[in-house]
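Chemist: got a structure for you, letters missing:
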Ligand SMILES: Nc1nc2c(ncn2[C@@H]2O[C@H](COP(=O)(O)OP(=O)(O)O)[C@@H](O)[C@H]2O)c(=O)[nH]1
Ligand SMILES: [Mg+2]
């Protein structure tokens, strides 16, 4: 079965970037399905193709889900602007953003109706979704093992009344058929969630294939062999699912806008504080503390907001900034220690 460009997710957003004139008239659009160190696999109405990067690009500039233009020899001439970008802080010490996926329309924030359920983690996922401009849907798996799955749905509603939360048994084909309707044909979704919550089960059920576990042997950056699976996969209803290992361990970076969107209630309250630089500690006229006092704001939510902001700041700072901060922190500790000296009990 051959696919049309709209089947693959092509839209006016992308066609508008290709006026079809000049040198690019000979270049064709492809959707990136897998990114390897030295080559890419891509899908187009002509079928699957192996692409290489032209002189102006490296595979590091391209993510699963990207649209590119390539010439007749399979060389990429241009990467098209993205509708959404899913990024995280790269592993290691250098605070670098790592692009995980591009042009994701729907993010399934996946957790289970058990001890995995954690509002702080959901808020982190949600900040990422909102920051990327992707539509978020919370999946509450293992509802079949839970006496009151609606309780978890209500907790999600407390985080954001507009956020859909769907309790389900990820192994049930009928429930998956309903779930698939959140991703229209040609749209692209991705699953985000801790290990064991049912992502592979969902992926296999939604794509009707066991390919998630049927890996491809691949060499990673350190030359080790790892098993990777096809990253862009078609759902049985014509949608697309992106599955890359990068979706699993997420450290926020550059997510200010996302955090602001998720914690809009606190950000709005903060505008009514007497002091514009209020830290919502014990300042007089603090609207945030007033909301906690009258029971309209959960103090745990304020803590989670602060924590996420701190995490985002740390992950977004450069290596030089991190070093300066550590130095400053060491200085502060030494200062506190010396000021404690001589006090009773120290
Ligand atoms: N009862 C039940 N088991 C599930 C559900 N979702 C996943 N599982 C099981 O939980 C285990 C982990 O699922 P898996 O898809 O591998 O999780 P992943 O690590 O997120 O990919 C497997 O044994 C699944 O069969 C569910 O909704 N209900
Ligand atoms: Mg899995």
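Modeler: Yep, it's here. It should be emphasised that the depicted structure is a prediction, and the values quoted were computed from it without experimental measurement. Ligands and ions are numbered 1, 2, ... in the order given.
Chemist: And the closest residue to ligand 1 within the chain, how far from residue 43?
Modeler: Closest residue of the chain to ligand 1, CB to the nearest ligand atom: residue 198 (2.9 Å). Where C-beta positions appear, they are placed from N, C-alpha and C, glycine not excepted. Counting by CB to CB, to the nearest Å, the gap from residue 198 to residue 43 is 27 Å.
Chemist: Would you map out the domains in this protein?
Modeler: The record's domain parsing of the chain by automatic domain parsing lists 6-79, 85-247, 256-336.
Chemist: Can you say which of these is packed in most?
Modeler: Ranked by mean neighbour count, the domains of the chain are led by domain 85-247 with a mean of 18 (mean count of other CB atoms under 10 Å).
Chemist: interface residues of this protein facing ligand 1?
Modeler: 141-142, 144-145, 169-171, 193, 195-201 (CB under 6 Å from any ligand atom).
Chemist: Can you tell me which one of those sits lowest on pLDDT?
Modeler: Among those, residue 195 carries the weakest pLDDT, at 87.
Chemist: in the stretch 101-250 of the chain, what spans have low per-residue confidence?
Modeler: In the predicted model, the stretch 101-250 of the chain carries pLDDT under 70 at residues 209-230, 245-250.
Chemist: let's see it at 50
Modeler: Counting by pLDDT under 50, the stretch 101-250 of the chain has low-confidence residues at 211-228.
Chemist: For the stretch 51-200 of the chain, which segments are assigned as helices?
Modeler: 119-132, 149-159, 173-180, 199-207 (DSSP state H, counting those that start in this stretch).
Chemist: Reformat the ones you listed as CSV; add distance to residue 262.
Modeler: Converted to CSV, these look like this (distance: least, CB to CB, whole Å):
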stretch, distance to residue 262
helix 119-132, 5
helix 149-159, 8
helix 173-180, 23
helix 199-207, 22
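Chemist: can you tell which of these is closest to residue 108?
Modeler: The closest of the helices of the stretch 51-200 of the chain to residue 108 is helix 199-207. By CB to CB, the value is 7.3 Å.
Chemist: Is the closest one in proximity to ligand 2?
Modeler: Yes - Helix 199-207 comes into contact with ligand 2 (CB under 5 Å from the ion), by way of 199, 200.
Chemist: who does that helix touch, helix- and strand-wise?
Modeler: The contact analysis (3 or more CB pairs under 8 Å, 6 or more residues apart in numbering; DSSP states H and E) places helix 199-207 against strand 106-112, strand 135-141, helix 173-180, strand 188-192, strand 232-234, strand 240-242.
Chemist: mind listing what residue 202 touches?
Modeler: By CB atoms under 8 Å, 6 or more residues apart in numbering, the contact list for residue 202 reads 108, 110, 139, 141, 170, 176, 179, 191.
Chemist: returning to that earlier point: ok, the residues of the chain next to ligand 1 vs residue 294, which is closest?
Modeler: residue 193 (34.9 Å).
Chemist: how far away is that closest one from residue 140?
Modeler: For residue 193 relative to residue 140 (CB to CB), the value is 11 Å.
Chemist: which residues are in contact with both of these two?
Modeler: With CB under 8 Å, 6+ apart, residue 193 and residue 140 have common neighbours residue 111.
Chemist: In this structure, which residue sits closest to ligand 2?
Modeler: residue 200 (3.3 Å; CB to the ion).
Chemist: Pull the most distant pair out of the residues of the chain next to ligand 1.
Modeler: Once CB to CB is applied, the residues of the chain next to ligand 1 give 144 and 195 as the farthest pair, at 19.6 Å.
Chemist: Now render the helices and strands packed on helix 199-207 as CSV, adding distance to residue 161.
Modeler: Putting the helices and strands packed on helix 199-207 into CSV (distance: least, CB to CB, whole Å) gives the following:
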stretch, distance to residue 161
strand 106-112, 16
strand 135-141, 12
helix 173-180, 21
strand 188-192, 21
strand 232-234, 32
strand 240-242, 27
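Chemist: Looks like residue 134 contacts residue 109 (just checking).
Modeler: No - contact between residue 134 and residue 109 fails when scored by CB atoms under 8 Å: they sit 10.1 Å apart.
Chemist: from the middle of its chain, how far away would stretch 42-60 be?
Modeler: The chain centre lies 24 Å from the centre of stretch 42-60; the measure is CA atoms, centre = their mean, to the nearest Å.
Chemist: got the end-to-end distance for that stretch?
Modeler: 15 Å (CA to CA, to the nearest Å).
Chemist: And for it, what's in contact with it?
Modeler: 2-5, 8, 28-33, 35-41, 61-62, 68, 70, 74-77, 79, 232.
Chemist: make it 7 Å
Modeler: 2-5, 8, 28-33, 35-41, 68, 70, 74-77, 79 (CB atoms under 7 Å, 6 or more residues apart in numbering).
Chemist: can you check stretch 304-322 too?
Modeler: With contacts defined as CB under 7 Å, 6+ apart, stretch 304-322 is touched by 89, 93-95, 119-120, 123-124, 127, 251-256, 259, 263, 266.
Chemist: Also stretch 146-164?
Modeler: Residues outside stretch 146-164 that contact it (CB under 7 Å, 6+ apart): 113-114, 117, 119, 122-123, 126, 136-138, 140, 143, 165, 167.
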